[in-house]
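# Structure, please.
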Amino acid sequence: MRSSTVISRRAAISLGPVGLAALAASDPLRAASAETPQFPPEAPRPKEGLRVASCQFPVGSNVAQNAQYVREFMRRAVKSGAHLLHTSEACLSGYAGSDFKSFNTFDWELLRRETAALRGLAKELDLWLVLGSAHFLDAQTKPTNCLYLIRPDGRIVDRYDKSMCTKGDQDHYSAGTHLAVNEICGVRTGLAICYDICWPQIYIAYRERGVKLMIHSFYNAGGKDASCLDVLNVRQVPTRCADNRMWAVANNSSKPYSHWASFVARPDATIPKQLAINEPGMLVHDFPDGLSRNGWYHNEQPMRLRDDELMTWGQPSRHPRQVDPRAEP
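All right, here's what the predicted structure looks like:
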């Protein structure tokens, strides 16, 4: 719940760290930026189709603070008439290797409590939630980098574990082997995480399962300066959409320096909406969607998935808690 104490940013700065802490407790979105975050206007929930709200905030190692951001965005998503809130990669747990060194001393009980609280809020708000986190397997097995799909009744109905793990990921996470395909408000959706975008077969596999909308969570933030990542994803995601006649919602952490900002991509390779980098915010988009004005499909014969296609990069586990996509956190 938001604190009843309200403090201005100017007053908080004058009080030093104590004041900034009070500001964060009262409104983490405001505390994260000197600017007022931009959000879509309030609107009723549409009776047909799927309205997706996709958010970005500065993900960090503080699980409780991350959870507070998610709660604020859940409430804002409902005000905007969204059916579903989409969060970024590892947004609740923090990203191992970037936000903290390893899982050796990680507080899994805290993560479970905050996950349970968010599931309870999803039920209270009647809201779907795609929650970026880490999924515990056991003390000897690396967890997975995951997205929980949480229904408006608070139940976990599916979990996507990041299939294509970078070399850094492989130091901390077990690789996934399961594609998460679900029908939400009449729209067939698929889940993906970050580095999956560099492997065309992931989108092809989802397309062959009838997916029309990819809900893709990223973490390309906390960098020292601009790099190739500043252009990579805003080119790759629309290309994957064009190749497969699909739409995508691709978000990111806004932790400075964030290499790009959350956006929506269409199969005509256009980006109809995008947030600003380094600032918390939320965009809203309705699906099924069309093409841009004067846009068209580019791929008349999408590629097929090979029978021997590589669908995992890294070492998956055979742990029962990984095999079960509905396992409790």
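
# mind giving me the domain split of the chain?
As given by automatic domain parsing, the domain ranges for the chain are 1-31, 37-323.

# Thought D196 was touching H216, still the case?
Yes. H216 is within contact range of D196, at 7.3 Å (criterion: Cβ atoms under 8 Å). (C-beta placed from N, C-alpha, C; glycine too.)

# isn't L131 right next to A90, touching?
No. Using Cβ under 8 Å, L131 is not in contact with A90; the gap is 10.1 Å.

# Can you check the pLDDT for the closest residue to C194 other than its chain neighbours?
Counting by Cβ to Cβ, 6 or more residues apart in numbering, C194 lies nearest to F218, which is 4.6 Å off, once chain neighbours are set aside. Here the pLDDT value assigned to F218 is 98.

# And for the one 5 residues further on?
pLDDT, G223: 95.

# Likewise for K101?
Each residue has a pLDDT score; the one for K101 is 97.

# can you give me the helices for this protein?
9-14, 17-26, 28-31, 63-79, 108-125, 167-170, 200-208, 229-244, 320-323 (DSSP state H).

# now the angle between helix 63-79 and the fifth one, please.
Which is helix 108-125. With axes from the mean of the first three to the mean of the last three Cα atoms, to 10 degrees defining the directions, helix 108-125 sits at 10 degrees from helix 63-79.

# Relative to the whole chain's centre, how far out is helix 108-125?
16 Å (Cα atoms, centre = their mean, to the nearest Å).

# where do the strands sit along the chain?
Along the chain, counting by DSSP state E, strands occupy 50-56, 84-86, 128-135, 144-150, 156-161, 181-184, 187-193, 213-217, 247-251, 263-265, 273-274, 281-287.

# can I get the helices of the chain in JSON lines with mean pLDDT?
Shown next, in JSON lines, are these (pLDDT from 0 to 100):
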{"stretch": "helix 9-14", "mean pLDDT": "40"}
{"stretch": "helix 17-26", "mean pLDDT": "46"}
{"stretch": "helix 28-31", "mean pLDDT": "64"}
{"stretch": "helix 63-79", "mean pLDDT": "98"}
{"stretch": "helix 108-125", "mean pLDDT": "98"}
{"stretch": "helix 167-170", "mean pLDDT": "98"}
{"stretch": "helix 200-208", "mean pLDDT": "98"}
{"stretch": "helix 229-244", "mean pLDDT": "97"}
{"stretch": "helix 320-323", "mean pLDDT": "98"}
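
# would you list the strands of the chain in a markdown table and tack on distance to E72?
Output for the strands of the chain, formatted as a markdown table (distance: least, Cβ to Cβ, whole Å):
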| stretch | distance to E72 |
| --- | --- |
| strand 50-56 | 9 |
| strand 84-86 | 11 |
| strand 128-135 | 13 |
| strand 144-150 | 17 |
| strand 156-161 | 22 |
| strand 181-184 | 22 |
| strand 187-193 | 23 |
| strand 213-217 | 18 |
| strand 247-251 | 15 |
| strand 263-265 | 21 |
| strand 273-274 | 20 |
| strand 281-287 | 10 |
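
# among those, which is nearest G120?
In terms of Cβ to Cβ, the element of these nearest to G120 is strand 144-150, at 10.2 Å.

# If you count neighbours, what's buried in that closest one?
144-150 (16 or more other Cβ atoms under 10 Å).

# Just give the nearest non-adjacent residue to S317, would you?
Distances taken as Cβ to Cβ, 6+ apart place S174 nearest to S317, at 4.5 Å, with adjacent residues excluded.

# so the one you found sits right up against C146, yeah?
No. The pair S174 / C146 is not scored as a contact, 10.1 Å apart, by Cβ under 8 Å.

# and for those two, which residues touch both?
Here S174 and C146 share the contacting residues D161, scored by Cβ atoms under 8 Å, 6 or more residues apart in numbering.

# Pull the contacting residues for the residue nearest the centre of the chain.
For the chain, S88 is the residue whose C-alpha lies nearest the centre (Cα atoms, centre = their mean; 2.5 Å). If you count contacts by Cβ under 8 Å, 6+ apart, S88 has them with 55-57, 59, 132, 217-219, 251-253, 262.

# Recalculate using a threshold of 6 Å.
132, 217, 251-253 (Cβ atoms under 6 Å, 6 or more residues apart in numbering).

# For the helices of the chain, give me JSON lines that also has distance to L275 and mean neighbour count.
Formatted as JSON lines, the helices of the chain follow (distance: least, Cβ to Cβ, whole Å; neighbours: other Cβ atoms under 10 Å):
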{"stretch": "helix 9-14", "distance to L275": "21", "mean neighbour count": "13"}
{"stretch": "helix 17-26", "distance to L275": "21", "mean neighbour count": "15"}
{"stretch": "helix 28-31", "distance to L275": "13", "mean neighbour count": "21"}
{"stretch": "helix 63-79", "distance to L275": "12", "mean neighbour count": "21"}
{"stretch": "helix 108-125", "distance to L275": "22", "mean neighbour count": "17"}
{"stretch": "helix 167-170", "distance to L275": "25", "mean neighbour count": "15"}
{"stretch": "helix 200-208", "distance to L275": "22", "mean neighbour count": "20"}
{"stretch": "helix 229-244", "distance to L275": "12", "mean neighbour count": "19"}
{"stretch": "helix 320-323", "distance to L275": "33", "mean neighbour count": "16"}
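
# Thanks a lot, see you next time.
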